[in-house]
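In: Whatever this is, show me its structure:
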Amino acid sequence: MKSAIIAVTMLFASISFADERVFDCQATQLNKSADIPAEINIQNNPTVLFRHGLQQWSLNVGDYKIDTQDLNGPALALDIDSTPVSVEYIFSVEASTEFELSINVVDHSAKLYYWGLGEKTHVGNFKCEVVEQAR
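Out: You can find the predicted model right below:
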C-alpha cells in the first residue's frame with residue numbers, strides 16, 4: 001500500500017513539472033464484441049495515444065482523434081479521478097462522455113472504455129509506455 005501511495009504521489013508530482021506526459025498504449029487484449037463505431041478502427045489499429053499537457057491534451061484511439069488544439073473541433077472536456085492504484089481519465093465531446101482510460105500507476109497497464117449511448121463498454125486492455133517531454 002505504501003508503494004502505491006508513493007507511485008501516485010510521484011505520478012502527480014511529475015505531471016506538475018513536465019510540459020507534457022505521453023501515454024503510448026498497445027492493446028494486449030481487445031473485446032471483439034465491443035459495440036463501438038467502425039470509424040474508430042480499433043481492431044486494425046489497436047493503439048491508444050494520450051498526450052496530456054498543462055493547458056491542452058489530445059487522444060487517439062485507433063483512427064479516431066480528438067485534440068484541444070483543434071479550434072474548429074467540437075467542445076472537449078477532460079475529467080481526472082484517482083484511486084491509490086489508478087488514474088481515470090474521462091474524455092467528453094460536446095458534453096457527452098466518449099471514452100474512459102483507466103491507467104494503473106504501478107505497472108502502466110490500462111483499460112479503455114467507450115461510452116456509446118450512455119452505456120460503458122470495455123474496449124480492451126492495453127500496456128502503456130509513459131514518456132515525459134518538453135513541448
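
In: least trustworthy helix or strand in this structure by mean pLDDT?
Out: Here the helix or strand of the chain ranked lowest by mean pLDDT, DSSP states H and E is helix 2-17, holding a mean of 45.

In: on contacts alone, who are the packing partners of whichever helix or strand comes after that helix?
Out: On the C-terminal side of helix 2-17, the closest following helix or strand by DSSP states H and E is strand 20-30. The helices and strands touching strand 20-30, judged by 3 or more Cβ pairs under 8 Å, 6 or more residues apart in numbering; DSSP states H and E, are strand 47-53, strand 109-116, strand 119-133. All C-beta spots, glycine's among them, are computed from the backbone N, C-alpha and C.

In: what residues does strand 20-30 touch?
Out: Outside of strand 20-30, the residues within contact range by Cβ atoms under 8 Å, 6 or more residues apart in numbering are 14-15, 42-43, 46-54, 101, 103, 108-110, 112, 123-135.

In: Just say helix, strand or coil for I36.
Out: Classification of I36 by DSSP: H, G, I helix; E, B strand; the rest coil places it in coil.
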